[in-house]
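> here are the coordinates; sequence isn't available:
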């Protein structure tokens, strides 16, 4: 609750306005029984007989007061609901935004073990639950407590025994409600966990819809999701059963207390300790007391439902953020990158992914990193972009340690093309502007031309507004890669990385894109790093580093490495032989 209070304090003015109008609404809304008592005791059953003129004048004044009170209450309630709605939405939106911001600032490793759909579902549930809870607290709980306080104070002016009874009933009912509601917490947490897991699984299935439908796995996925949904339903039904039992118990107690109050009032009327008007006023006020007590139970239920979301939100905020230096070293141009005896090992892995890696590359140079699968090639890319930090050794940018520079500033100078092309639903323009929002159409078209992707723009007749579908589903693999290359070039990077950019393409498309990458490397003044399994795509590199089990076992130009024999020569001969067999077939 302290976490929620922190956000509430940031919008205390709206909260104060909503609470103030709620108090005015409730106080003036409860004027009817008080005025009704004045009319009955003063003009219906008076100690002396009034004239007709006195009756209409006196009763009319009180009825006019009743109308005025009702009008004020109605106006205050309108403003109360408006302020409460703004307040709850702003608090919930602030928590949602902070959750998203914190998630994006967490280390990359956190996302390798968490499904994105689960995180988003937690934050969406948090937003909805907080809005519901704050609205319930102001519009139900606070209003109810104001009504209870008003009734108790009025009852004290009539008879202290009645006031004492009402006070004890209020304390007893709230205490019982809090105690009984604890049985709902466990179920709410189970519903939250299972619902979050279901959201994550459904998001994964929809994101991989091409694979699911292509392999005829739709029915299996439907069954799997229905099974998860069934578990959620079981917990939800159990929660409903507990809520019903809670409501039945709570409602039964309230009605019993109400009947006891009615009997007490009748007895006091019989003893002439209360007047007829006071009896009817207190009888009517019982509605303002016992109905709110029932609503207090609903507000407590809402809180129990919010607890699980707040606990998950707190857990998210407690996760460490990505490391940032206290005072980042500034740099303009990226002139060099150097690995010094770098070692890195993934959590839970039995051996290092990189072990004693050292190399240096300067601006305008092109290097390549090759090797068998699991030799550590992609790990180098993750270290270069700061997604991971070395376990030992240093990575230097312009001879400045990675630990001393701002990672966001570094990443803004990187153009990255990966094996699994990551495009977004929308148009070509939107995908390009994702990395550089201020780019002009002319700059976008120039980047597409550099990536040899003009045909994609010209083919549909819609130019940069051509829609490509989610993840670029309306494009071929080669077209997706060309859009990704154009996007990388648009930001005019100082470091251009191609991570297995052609490995999933057919041989002809691979050759075309390989030629595009080669031409870009020749023209570019950036540092170019090629990570590849296919050696033909990196043969033009200034230096080729050959990795095996995280170590550099060879390095040099393509011609020198082939002539020297060893692992690179074996890989080259194997690939050349495979290409010939493919052509012969």
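Perfect, I can see it now. Owing to the predicted nature of the structure, the values given are computational and were not obtained by experimental measurement.
> Lowest average confidence across helices and strands of this protein, where is it?
None of the helices or strands of the chain scores lower by mean pLDDT, DSSP states H and E than helix 209-214, at a mean of 56.
> quick one, strands of the chain?
In the chain, the strands defined using DSSP state E lie at 336-344, 354-362, 366-370, 392-397, 400-401, 414-417, 495-499, 527-531, 543-548, 551-556.
> May I see the ones you listed organised as JSON lines, with distance to residue 12 and mean neighbour count added?
Using the backbone N, CA and C atoms, a C-beta is placed for each residue, glycine as well. Output for the strands of the chain, formatted as JSON lines (distance: least, Cβ to Cβ, whole Å; neighbours: other Cβ atoms under 10 Å):
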{"stretch": "strand 336-344", "distance to residue 12": "48", "mean neighbour count": "18"}
{"stretch": "strand 354-362", "distance to residue 12": "52", "mean neighbour count": "18"}
{"stretch": "strand 366-370", "distance to residue 12": "56", "mean neighbour count": "25"}
{"stretch": "strand 392-397", "distance to residue 12": "45", "mean neighbour count": "18"}
{"stretch": "strand 400-401", "distance to residue 12": "44", "mean neighbour count": "14"}
{"stretch": "strand 414-417", "distance to residue 12": "43", "mean neighbour count": "23"}
{"stretch": "strand 495-499", "distance to residue 12": "47", "mean neighbour count": "24"}
{"stretch": "strand 527-531", "distance to residue 12": "52", "mean neighbour count": "26"}
{"stretch": "strand 543-548", "distance to residue 12": "58", "mean neighbour count": "22"}
{"stretch": "strand 551-556", "distance to residue 12": "60", "mean neighbour count": "17"}
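> Reformat those into TSV and put distance to residue 62 next to each item.
Converted to TSV, those look like this (distance: least, Cβ to Cβ, whole Å):
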stretch	distance to residue 62
strand 336-344	83
strand 354-362	87
strand 366-370	90
strand 392-397	82
strand 400-401	82
strand 414-417	78
strand 495-499	82
strand 527-531	87
strand 543-548	93
strand 551-556	95
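> and the ones you listed as JSON lines, adding mean pLDDT and distance to residue 281?
Shown next, in JSON lines, are the strands of the chain (pLDDT from 0 to 100; distance: least, Cβ to Cβ, whole Å):
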{"stretch": "strand 336-344", "mean pLDDT": "92", "distance to residue 281": "78"}
{"stretch": "strand 354-362", "mean pLDDT": "91", "distance to residue 281": "82"}
{"stretch": "strand 366-370", "mean pLDDT": "90", "distance to residue 281": "87"}
{"stretch": "strand 392-397", "mean pLDDT": "91", "distance to residue 281": "80"}
{"stretch": "strand 400-401", "mean pLDDT": "88", "distance to residue 281": "79"}
{"stretch": "strand 414-417", "mean pLDDT": "85", "distance to residue 281": "75"}
{"stretch": "strand 495-499", "mean pLDDT": "86", "distance to residue 281": "79"}
{"stretch": "strand 527-531", "mean pLDDT": "88", "distance to residue 281": "83"}
{"stretch": "strand 543-548", "mean pLDDT": "92", "distance to residue 281": "88"}
{"stretch": "strand 551-556", "mean pLDDT": "91", "distance to residue 281": "90"}
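> For residue 456, the count of nearby residues, please.
Neighbour count for residue 456, taken as other Cβ atoms under 10 Å: 21.
> How much space separates the nearest residue to it once chain neighbours are set aside from residue 445?
Sequence neighbours aside, residue 479 is the residue nearest to residue 456 in space, at 5.2 Å (criterion: Cβ to Cβ, 6 or more residues apart in numbering). Distance of residue 479 to residue 445, given as Cβ to Cβ, to the nearest Å: 16 Å.
> again with residue 384
29 Å.
> ok, back up a step: of all the strands of the chain, which one is nearest residue 464?
Set against residue 464 and scored by Cβ to Cβ, the strands of the chain come closest in strand 414-417, at 19.2 Å.
> Pairing partners for that closest one, with directions?
Each strand paired with strand 414-417, and its direction, by DSSP bridges: strand 495-499 (parallel).
> contacting residues around the partner strand?
334, 337, 377-378, 381, 384-385, 413-419, 488-489, 517, 520-521, 524, 526-532 (Cβ atoms under 8 Å, 6 or more residues apart in numbering).
> Number of residues surrounding residue 104?
Residue 104: 10 surrounding residues under other Cβ under 10 Å.
> Actually, residue 141.
Neighbours of residue 141 under the rule other Cβ under 10 Å: 21.
> per-residue confidence at it?
In this model, residue 141 is scored at 74, pLDDT.
> How is this structure partitioned into domains?
The chain breaks down into these domains under automatic domain parsing: 2-318, 331-412+527-585.
> Verify the stated contact: residue 367 with residue 528.
Yes. Applying Cβ atoms under 8 Å, one finds residue 367 in contact with residue 528, separated by 7.5 Å.
> Give me the more crowded residue out of residue 384 and residue 445.
Neighbour count, other Cβ under 10 Å: between residue 384 and residue 445, residue 384 has more, with 24 against 19.
> So in terms of bridging, what pairs with the residue nearest to that one when sequence neighbours are not counted?
The shortest distance from residue 384 to any non-neighbouring residue, by Cβ to Cβ, 6+ apart, is to residue 497 (6.6 Å). Here residue 497 shows beta-bridge partners residue 416, residue 529, assigned using DSSP bridges.
> what number of residues lie near the nearest residue to residue 278 once chain neighbours are set aside?
Residue nearest to residue 278 in three dimensions, not counting chain neighbours: residue 158, with 5.2 Å by Cβ to Cβ, 6+ apart. Using other Cβ under 10 Å, residue 158 is surrounded by 20 other residues.
> gap between residue 158 and residue 97?
51 Å.
> what do you get for residue 435?
23 Å.
> same question, residue 86
According to Cβ to Cβ, residue 86 stands 16 Å off from residue 97.
> Show me which of the two is the more surrounded one.
Taking other Cβ under 10 Å, residue 86 and residue 97 do not tie; residue 86 has more neighbours (15 against 12).
> Setting aside sequence-adjacent positions, which residue approaches the more buried one most closely?
That would be residue 14: by Cβ to Cβ, 6+ apart, it lies 5.5 Å from residue 86.
> what ranges of the stretch 451-585 of the chain fall below the confidence cut-off?
Residue ranges of the stretch 451-585 of the chain with pLDDT under 70: 460-461, 470-473, 501-514, 516-517, 519-524, 578-585.
> Tell me where it has helices.
454-460, 477-490, 507-523, 558-564, 567-584 (DSSP state H, counting those that start in this stretch).
> Give the other helices and strands that the fourth one contacts.
For helix 558-564, the helices and strands in contact under the criterion 3 or more Cβ pairs under 8 Å, 6 or more residues apart in numbering; DSSP states H and E are strand 543-548, strand 551-556, helix 567-584.
> low-scoring pLDDT stretches of the stretch 201-350 of the chain, where are they?
Using pLDDT under 70, the flagged stretches of the stretch 201-350 of the chain are 201-218, 220-222, 224-226, 228-229, 231-247, 250-251, 288-301, 325-326.
> My understanding was that residue 354 contacts residue 380; is that so?
Yes. At 7.0 Å, residue 354 and residue 380 qualify as touching, with contact defined as Cβ under 8 Å.
> I am finished for the moment; much appreciated.
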